[in-house]
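Peer 1: next one to model:
(one chain, ligands or ions: 1)
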Amino acid sequence: MFSRFALRMLFVAAVVCGLLVPTVSIADDEKKPRDIYDYEAQKAAKGVKRIVFVADTAPHGPRGNHEFLAAAIYFARIINAQYPDAYAVVHTMAKWPKDLKHADTIIVLMNHGGSSVNPAVKEATRRGAGFMAIHYGVEVNKGEQGKHYLQWLGGYFEPFWSVNPWWTPKFKDLPKHAVTRGVKPFSVNDEWYYHMRFVDGMKGVTPILSDLPPLSTIPKQTIEKPSSHGGNPDVYREVSEGKKQVMAWAYVRPDEGRGFGFTGLHKHANLADDNFRKLLLNAVAWVSKLEVPEAGVPSRTLSRDDLETLIDDGRLAVKKRGI
Ligand SMILES: [Zn+2]
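Peer 2: Residues are numbered from 1 along each chain as shown. Coordinates of the predicted model:
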């Protein structure tokens, strides 16, 4: 067996002999980023929070809409870079991880929450794993699916109760909570679902993003003729009465397991907004019981090129890595 010193000497000798281009030192190599598609390495990792993202790759309109895989890749990379005590991996919905016994957190970005009846997710949440759902991932059917989401997440999008309009809320009053660290008031146009179905009395739920939507986000005819996603008499009445609606929430279960729901992120480009992005990164950390720094999880602003590259990275991972 080589000692570290002997390895270094071999490396130096190889460089001197021109066998290696000295672009990385051994020390740098040891620090190389954790591979977000190496599921076995994540399972084998000890003493770290193991975060599992599951992203839907089904197209939903043109490029730039529901780019869930791109977002998952981004979050996983940043968390791995910022937290030596975390290992995040990314799966696609098409290849659901059957075994989640090692998972400390499961984060779903998908079109409709099939996760709500997935046996592996049930097992993980039963033993206290964190659960986070983003955008269409927060929607499940009333009944068994909804019951599970209430237990894991504290709330969900319920057809004929919740709505999914496009609008531009102003998030002016952010509560003091780990997920809002370093997040300043912001306003972003997105398909912000609201009027979620929450647990009774909002017990354990902390509203994080709230605002009063304009009444124009609910077609008036849905008072008489409710629609699955457009409107219903209950939401119309609440908004008419000036009741603020919740677009993101943190949930602490009776067993201290954590949940986080976020209804925006239809539009991939919204990740370029510093506050929108920071809130999501903080939430990934918080739901995994990682410490959120005072100024929030750091990340640099994403350019248009960065956003496009993330989409390409996702497409390539499906094609080349077979995820
Ligand atoms: Zn959408």
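Peer 1: from now on I want contacts and neighbour counts done on CA atoms only, so please keep to that.
Peer 2: Will do.
Peer 1: number of residues surrounding Phe94?
Peer 2: Let me fix one detail, which is that residue 94 is Ala and not Phe. Residues near Ala94, counting by other C-alpha atoms under 10 Å, number 12.
Peer 1: what do you get for the one 10 residues further on?
Peer 2: When neighbours are counted by other C-alpha under 10 Å, Asp104 registers 25.
Peer 1: the closest residue to Phe160 other than its chain neighbours and Tyr136, how far apart?
Peer 2: Spatial nearest neighbour of Phe160, excluding adjacent residues (C-alpha to C-alpha, 6 or more residues apart in numbering): Ser228 at 4.2 Å. Ser228 sits 14 Å away from Tyr136, going by C-alpha to C-alpha, to the nearest Å.
Peer 1: give the contact list for the residue nearest to Phe160.
Peer 2: Counting by C-alpha atoms under 8 Å, 6 or more residues apart in numbering, Ser228 touches 159-163.
Peer 1: selecting buried members of those residues in PyMOL, what would you type?
Peer 2: Applied in PyMOL, the following selects the buried portion of those according to 16 or more other C-alpha atoms under 10 Å:
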select buried, resi 159+160+161+162+163
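Peer 1: distance to Gly113 and secondary structure added to the contacts of Ser228, as JSON lines?
Peer 2: Converted to JSON lines, those look like this (distance: C-alpha to C-alpha, whole Å; DSSP: H, G, I helix; E, B strand; the rest coil):
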{"residue": "Pro159", "distance to Gly113": "12", "secondary structure": "coil"}
{"residue": "Phe160", "distance to Gly113": "16", "secondary structure": "coil"}
{"residue": "Trp161", "distance to Gly113": "16", "secondary structure": "coil"}
{"residue": "Ser162", "distance to Gly113": "15", "secondary structure": "coil"}
{"residue": "Val163", "distance to Gly113": "16", "secondary structure": "strand"}
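Peer 1: those strands in the stretch 1-150 of the chain, which residues are they?
Peer 2: Secondary structure of the stretch 1-150 of the chain (DSSP state E, counting those that start in this stretch): strands located at 49-55, 86-92, 105-109, 130-134.
Peer 1: touching stretch 138-152 from outside, list them.
Peer 2: With C-alpha under 8 Å, 6+ apart, stretch 138-152 has contacts from 112-114, 116-117, 125, 130-131, 155-159, 198-199, 253, 257-259, 261-263.
Peer 1: helices - which of those land there?
Peer 2: Taking DSSP state H as the definition of helices, the contacts of stretch 138-152 contribute Thr125.
Peer 1: can you select the buried ones from the contacts of stretch 138-152 in PyMOL?
Peer 2: Those of the contacts of stretch 138-152 that count as buried under 16+ other C-alpha under 10 Å are selected in PyMOL with:
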select buried, resi 112+113+116+125+130+131+155+156+157+158+159+198+199+253+257+258+259+261+262+263
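Peer 1: ok, the residue lying closest to Ala81 once chain neighbours are set aside to Thr222 distance?
Peer 2: Excluding the flanking residues, the one nearest Ala81 by C-alpha to C-alpha, 6+ apart is Pro33, at 6.8 Å. Computed as C-alpha to C-alpha, the Pro33 to Thr222 distance reads 51 Å.
Peer 1: who has more neighbours out of these two?
Peer 2: Applying other C-alpha under 10 Å to Pro33 and Thr222 shows that Thr222 carries more neighbours, namely 18 against 12.
Peer 1: ok, which of the strands of the stretch 1-150 of the chain comes nearest Leu209?
Peer 2: strand 130-134 (13.5 Å; C-alpha to C-alpha).
Peer 1: so who does Ala250 touch?
Peer 2: So Ala250 contacts 153, 205-208, 258-261 (C-alpha under 8 Å, 6+ apart).
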